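# below are the sequence and a predicted model; questions follow.
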Amino acid sequence: MQIEDIDLVDPDNFVSGRHHEMFKLLRAEDPVHWTEPEGEVPFWSITKLRDLQTVNRDTETFSSETGGTQRIDIASIDPTFDTRGLMLIDTDPPKHTRYRRIVNKGFTPRMIGLLETHLLYRAELIVDEVIGAGECDFVNDLAAELPLQAIVEMMGVPQKDRHLIFEWTNTMIGMTDPEYVAEEGDEDAGRNAAMQLYMYSNALAAERRDDPRDDIVTKLLNADVDGEALTEEEFDMFMLLLSVAGSETTRTATSHGIQALFDHPDQMQLLQDRLDDDELIASAIEEMVRWATPVHHFRRTATRDTELRGKKIKAGDKVVMWHVSANRDEEIFDEPFRFDIQRSPNEHIAFGGGGAHFCLGANLARAELRIIFREILRRMPDIAPAGPPQLLRSNFINGVKHLPVRFTPGERKHPEGSVA
């Protein structure tokens, strides 16, 4: 492969795995790479971990709000769906800091610790639902359920409505995948899904005004930003972000994590032999998250002329941080294409490259992964693939749509319990 052969816009290159070959070449020969795709916005690609950290932490030079963090294959801002300055990930400090403070208390280690007993019970029910069948779709039946149930619980969404959130978020992130949209790049499908989520959120807000509860919706309704309450649009954006980020990314890490264990049976055996070892399972989760890198990239916009590795970046240029590449950086990781649940150190940046935009839900994601993997591997010790994984056609989210698995049928822990 030559530099001129590299195409980071085509989602098919990410489904095939060819993107890893492209990024390996860029890291070696052109780590700050300029691309001018036909009919699309030109952009710089940041492919090495230390450079990504530099960009991510310098919010004055590289703005999330100026041009938005949206996918690189969107050429222009949709005026009917402009999230700049409204959605948390599309803001810069100090606004970002004030917005983040609104929901931050719900994601502290203490709050996650209080949630764990509930999550342990929910994980048991999730496995109960499928264990008697001896087979299931790992993504829909196991990986998706715990993060989805946890986030709707925190938001105050009734559990019976969680699959509405699941369907809407799938459509929003799957606009280049034919399973979710009738036509590639169908912005109307994503916009309509967002509007349905907004309508649902506003109805939920009306209920909470009459019946306040200890949930994120009530906190958002009572939020104070510079002496003013959130507007309806700002509230809707919070709900959208929490719905997508709270379920999609952990589902993706869980799905890629089990596939990595299938592909590396020695690592599967090691983890199963030491499931009660807190240190090992914590290390395994970090390696699964590095391996998966649920979000391929985020974008920034240069606010002023600057320079990185001798490349002149001009004010207004789009700068794309490729987390998927940084997490395979040979200068940082020993044998980066080796899956090693005992990897140490493990400086992955799947939760962000540090700074203001570090993942708000990192502690929750780690707890969910630890809980669901322990429950699955204890009760389904012979779990194995029953077919190949089906990957999301996207250069933005490293999603897994389906993964058929089989296992020896077992007994329910809670005969009367249900996740419904």
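Perfect, I can see it now.
# so which helix or strand takes in the closest residue to Ala189 other than its chain neighbours?
Closest residue in space to Ala189, ignoring its immediate chain neighbours: Val181 at 4.4 Å, by CB to CB, 6 or more residues apart in numbering. (Each C-beta comes from the backbone N, C-alpha and C, glycine too.) Val181 belongs to no helix or strand when assigned by DSSP states H and E.
# count of residues packed around Val181?
18 (other CB atoms under 10 Å).
# ok, it touching Gly174?
Yes. Checked against CB atoms under 8 Å, the pair Val181 and Gly174 is within contact range at 6.6 Å.
# show the contacting residues for the residue nearest the centre of the chain.
Centroid-nearest residue in the chain: Thr249, 2.5 Å away (criterion: CA atoms, centre = their mean). Counting by CB atoms under 8 Å, 6 or more residues apart in numbering, Thr249 touches Pro147, Pro294, Val295, Cys359, Gly361, Ala365.
# any idea how far it lies from Gly399?
9 Å (CB to CB, to the nearest Å).
# can you list residues touching both of the two?
Residues touching both Thr249 and Gly399 (CB under 8 Å, 6+ apart) are Pro294.
# for Thr97, what are phi and psi?
phi -60, psi -40 (degrees, to the nearest 10).
# from Lys95, how far off is the closest residue to it other than its chain neighbours?
Of all residues not flanking Thr97 in the chain, Ala356 sits nearest, at 6.7 Å (CB to CB, 6+ apart). Look at Ala356 and Lys95: by CB to CB, they are 10 Å apart.
# same deal with Tyr180?
For Tyr180 relative to Lys95 (CB to CB), the value is 32 Å.
# what are the buried residues along stretch 217-226?
Buried residues in stretch 217-226, defined by neighbour count with 16 or more other CB atoms under 10 Å: Val217, Thr218, Lys219, Leu220, Leu221, Ala223.
# just the endpoints, please. Distance across that stretch?
19 Å (CA to CA, to the nearest Å).
# what is the mean pLDDT for it?
Mean per-residue pLDDT for stretch 217-226: 80.
# picking up where we left off before, and the residue nearest to the centre of the chain, what element?
helix 232-263.
# buried by neighbour count: which residues of that helix qualify?
234-262.
# follow-up on the earlier one: residues contacting the residue nearest to Thr97?
Counting by CB under 8 Å, 6+ apart, Ala356 makes contact with Arg57, Thr59, Asp92, Pro93, His96, Thr97, Arg100.
# out of these, which one sits closest to Lys160?
Distances from Lys160 to the contacts of Ala356, taken as CB to CB, are shortest for Arg100 (30.1 Å).
# so what pLDDT did that closest one get?
Arg100 carries a pLDDT score of 85 in this model.
# check contacts around it.
Arg100 is in contact with Leu88, Ala356, Leu360, counting by CB under 8 Å, 6+ apart.
# so among these, where is pLDDT lowest?
Leu88 (80).
# quick check: the gap between it and Arg98.
Per CB to CB, Leu88 is found 10 Å from Arg98.
# joint contacts of those two?
With CB under 8 Å, 6+ apart, Leu88 and Arg98 have no common neighbours.
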